[in-house]
Each structure stands twice: as C-alpha cells, then as structure tokens.
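# Next comes the sequence, and after it the predicted model I'd like to discuss.
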Amino acid sequence: MKKIQMVDLKSQYEKIKDTVNSSIQEVLDTNTYINGPEVHKFQKMLEEYLDVKHVIPCANGTDALQIAMMGLGLKPGDEVITADFTFAATVETIALLQLTPVLVDVDMYNMNINIEAIRKAITPKTKAIIPVHLFGRAANMEAIMQIANEHNLFVIEDNAQAIGASCKFSDGTKKKAGTIGQVGATSFFPSKNLGCYGDGGAIFTNDDDLAHTLRGIVNHGMYVRYHHDVVGVNSRLDSIQAAVLNAKLPLLDTYSKARQDAARKYSAAFEGHKNIVAPNICDVCDCHVFHQYTLRIIDADRNGLMDYLLSKEIPCAIYYPIPLHSQKAYLDSRYKEEDFPVTNQLVQEVLSLPMHTELDDEQIKFITDSVLEFLK
C-alpha cells in the first residue's frame, strides 16, 4: 500500500504532468507573468463552468472575500452575519474592513450556518450575510436568499471549500455554489478541490456594475494605467498559477466524483456504528463535493482516536478545534456560550480523514478498519 496522504497532490500531478508542464513552459517562453493569456483563458473557462457572467481572478481566497465586501460598498460599523464554525479568514476580512462581525451558530446536520440563527441576529445595522459552504457541502442558499431578500441584505458566498458543488432549489433548478448571492469568493490554495501550486483566488458575480468595480479594486483601483478611480489593492492571479488551473479545471467534475466515491466507501464502512456520525451523501445532486470528509465521534475518545490513527501513519485533522467566538482576536462581550451549542459540541467531536482524488480501495479499507478497531 502506498503511503497515505491527507491530500495527495503529487499523485494527482503525475497524471496531468505533461499538460501542466507545457502550460507553465508557455508562460515562461512568452514572459507574460501577470494578466497574461493563461489568466484570461482561465477566467473565461471558469465563467462557462459556473454559468456566471463574471469571474474576477485575484491573488488568494482571503483577498477575494475582502474585495467582494469592498466592492459592495460596506461601511465601518455595518454588521455582517457569518458562521462561528469555520476558518478564520471569513471573520478576519470583516474585521479588517472595520465592519462588525456577527457570529452565529451552525446546523448540526450539515455544519453550515443555521438559518434561524441568521434570523435572530438581524438588526437595523445588518447589511450582509456570509454563508460558508463548509467542507464542500452547499449551504441552504434558498432559505438564505429568502431572508436576504426580506431584509434587503447582500449575500457574499464563501465558496473556498465547495467549488463544483450545486445548490438545488425547490422549483427543481440548480445553481453552482458561489453564483447565487450578489457575489461569491473562492480560493485556489493547493489543497482545495480546484487548487493551483501556490496562492490564488477568484470572485464571481452576475452583476455587471459590481464586476466593473471589482476589476478596478483588484488592480490598484485602475481601469486605465495610472488613473485610480476607486480605492484598490494589489491582488492578481499570476499566469503560472492560471496555467495550472487551466490544466485542472476540465477535470474538476471528475475530481468531485472521485471524492464522492471515496466518501461513499467511507460511510458504508461506518454505517450504523454507535460512535460515528458520518456525513450525509446525496444521490440526486452534487450538493457535497467533499473538500473534507468529516466525522463526528460521539460518546468516545475523539482525541485518542486521532492519536491512534497518527500512530499508524494515517493523517487526520480537527477542523476546527476552537470556535471563532473563543479566539482571542474575536472575543466580544456580545457573544454568550449558550448562543453556540452546536459549534461548541462540534469542536469536541469532529475529525477529518484523508480525502482527495487519489485515494484507493486498499487505503480506504486500512483507514476505516483502523477507525473501527479503535472504537470497537
């Protein structure tokens, strides 16, 4: 059995090596390192894949979130509601812009932002909601958009973990995660489902005017060189990273299927176990593309299981061990522990197993057998 990786980028690269290398070599040969043809090609390909009018590439996923909020014209003191159980980049960008983060609890079933918690958190100062499509599972965007429309709020989708996932609506229509709110943001960090070999990100919108503003912001506020029309930043996807993404994007649905297949095999092995709650897998849509395969370990020693797996050279991780409302940088007297019962429970129970496109049956069996052996 080959060595198990949390994310096996090397084996994935070996399968697309010729395409990646030739694309990178073309960038090197043409010396078009910033906003070159590979970037424009990727932008158009991703617009077509997502069925969205505008993709604005940028330097990373955190920038994508910040620029999205800048483009919407949010002002210091405006309240932005987001999930307590996620990576810090989401709340970090809110705070950096001197907006007021409003953290709310998540849903136990899907670990995404809780709909009723959103409703309860809305005040006259609320201007936006940032749902995070956590671990690759699309949030309940139909309910979120209904709330946003009722209260005239912006929706900024944090799609860093769920590119390729679809949201199915009650009328039967489907839309890609990240394309439903006013604006969406994603990351192309190497370990993402669509990852480059450095940093990268993108912003999505169907709003022509917003897209125009965003294109200026990412390039120092310029539309014409040395004419600064808006306050901007320096956040551009470089051509080499775009070349890598151009090699991978046509394979994204194949990658998603490989992750879903691995998830099904994991869940089949764990079915019915009294100490394991496995993620639900939908067979009628692509609402979950499994950026992470995350278990809940209940009435058992989660930390002991983690140590046991690591002792057998099975990588695993806790995403996330500390709620955002408990992080030193984001402590706030507004937050009460009783407002976050699900998040506080999840941080004690979650454990993510290896998940990537190169997992094979022998590895999955070894991983699942080891989990079950500890929890027998």
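Looks like it came in fine.
# what residues are up against Arg259?
Shown in contact with Arg259 (C-beta atoms under 8 Å, 6 or more residues apart in numbering): Gly136, Asn193, Val289, Phe290, His291, Tyr293, Met355, His356, Thr357. Every residue, glycine included, has its C-beta placed from N, CA and C.
# what about the strands in the protein?
Remark: strands assigned in the chain by DSSP state E are 54-58, 79-83, 100-104, 126-130, 154-158, 166-168, 174-176, 183-187, 201-205, 222-224, 227-228, 276-277, 293-297, 350-353.
# okay if I get those strands as CSV plus mean neighbour count?
Shown next, in CSV, are the strands of the chain (neighbours: other C-beta atoms under 10 Å):
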stretch, mean neighbour count
strand 54-58, 25
strand 79-83, 25
strand 100-104, 23
strand 126-130, 24
strand 154-158, 26
strand 166-168, 20
strand 174-176, 17
strand 183-187, 30
strand 201-205, 28
strand 222-224, 12
strand 227-228, 12
strand 276-277, 20
strand 293-297, 22
strand 350-353, 22
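# Around the nearest residue to Val230 once chain neighbours are set aside, how many other residues sit close by?
Leaving out its chain neighbours, the residue that sits closest to Val230 by C-beta to C-beta, 6 or more residues apart in numbering is Gly221, at 4.3 Å. Counted with other C-beta atoms under 10 Å, the neighbours of Gly221 add up to 15.
# circling back: can I get the strands of the chain in a markdown table with distance to Leu375 and mean pLDDT?
Output for the strands of the chain, formatted as a markdown table (distance: least, C-beta to C-beta, whole Å; pLDDT from 0 to 100):
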| stretch | distance to Leu375 | mean pLDDT |
| --- | --- | --- |
| strand 54-58 | 43 | 98 |
| strand 79-83 | 29 | 98 |
| strand 100-104 | 32 | 98 |
| strand 126-130 | 36 | 98 |
| strand 154-158 | 33 | 98 |
| strand 166-168 | 33 | 94 |
| strand 174-176 | 37 | 96 |
| strand 183-187 | 33 | 98 |
| strand 201-205 | 38 | 98 |
| strand 222-224 | 57 | 95 |
| strand 227-228 | 59 | 94 |
| strand 276-277 | 7 | 98 |
| strand 293-297 | 8 | 98 |
| strand 350-353 | 11 | 98 |
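# count of neighbours near the closest residue to Arg264 other than its chain neighbours?
Once flanking residues are discounted, Arg264 sits nearest to Ile281: 5.8 Å by C-beta to C-beta, 6+ apart. Neighbour count of Ile281, defined by other C-beta under 10 Å: 17.
# mind listing what Ile281 touches?
Gln260, Ala263, Arg264, Ser267, His288.
# ok, it to Leu103 distance?
Separation of Ile281 from Leu103 (C-beta to C-beta, to the nearest Å): 29 Å.
# Okay, helices next: where are they in this protein?
9-30, 37-50, 61-71, 89-96, 115-121, 141-151, 208-217, 239-248, 252-270, 302-311, 341-349, 361-374 (DSSP state H).
# Make JSON lines from those and add distance to Leu324 and mean pLDDT to it.
Listed next are the helices of the chain as JSON lines, based on distance: least, C-beta to C-beta, whole Å; pLDDT from 0 to 100:
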{"stretch": "helix 9-30", "distance to Leu324": "28", "mean pLDDT": "96"}
{"stretch": "helix 37-50", "distance to Leu324": "28", "mean pLDDT": "98"}
{"stretch": "helix 61-71", "distance to Leu324": "14", "mean pLDDT": "98"}
{"stretch": "helix 89-96", "distance to Leu324": "5", "mean pLDDT": "98"}
{"stretch": "helix 115-121", "distance to Leu324": "14", "mean pLDDT": "98"}
{"stretch": "helix 141-151", "distance to Leu324": "19", "mean pLDDT": "98"}
{"stretch": "helix 208-217", "distance to Leu324": "26", "mean pLDDT": "98"}
{"stretch": "helix 239-248", "distance to Leu324": "29", "mean pLDDT": "98"}
{"stretch": "helix 252-270", "distance to Leu324": "26", "mean pLDDT": "97"}
{"stretch": "helix 302-311", "distance to Leu324": "20", "mean pLDDT": "98"}
{"stretch": "helix 341-349", "distance to Leu324": "8", "mean pLDDT": "98"}
{"stretch": "helix 361-374", "distance to Leu324": "28", "mean pLDDT": "98"}
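# from these, which stretch is densest packed?
Ranked by mean neighbour count under mean count of other C-beta atoms under 10 Å, these are led by helix 61-71, which reaches a mean of 26.
# Which elements pack onto that helix?
Where contact means 3 or more C-beta pairs under 8 Å, 6 or more residues apart in numbering; DSSP states H and E, helix 61-71 is packed against strand 54-58, helix 89-96, strand 154-158, strand 183-187, strand 201-205, helix 208-217.
# where's Asp105 relative to Asn344, distance?
Counting by C-beta to C-beta - Asp105 and Asn344 are separated by 9 Å.
# wait, I meant Ala202
For Ala202, the distance to Asn344 equals 33 Å [C-beta to C-beta].
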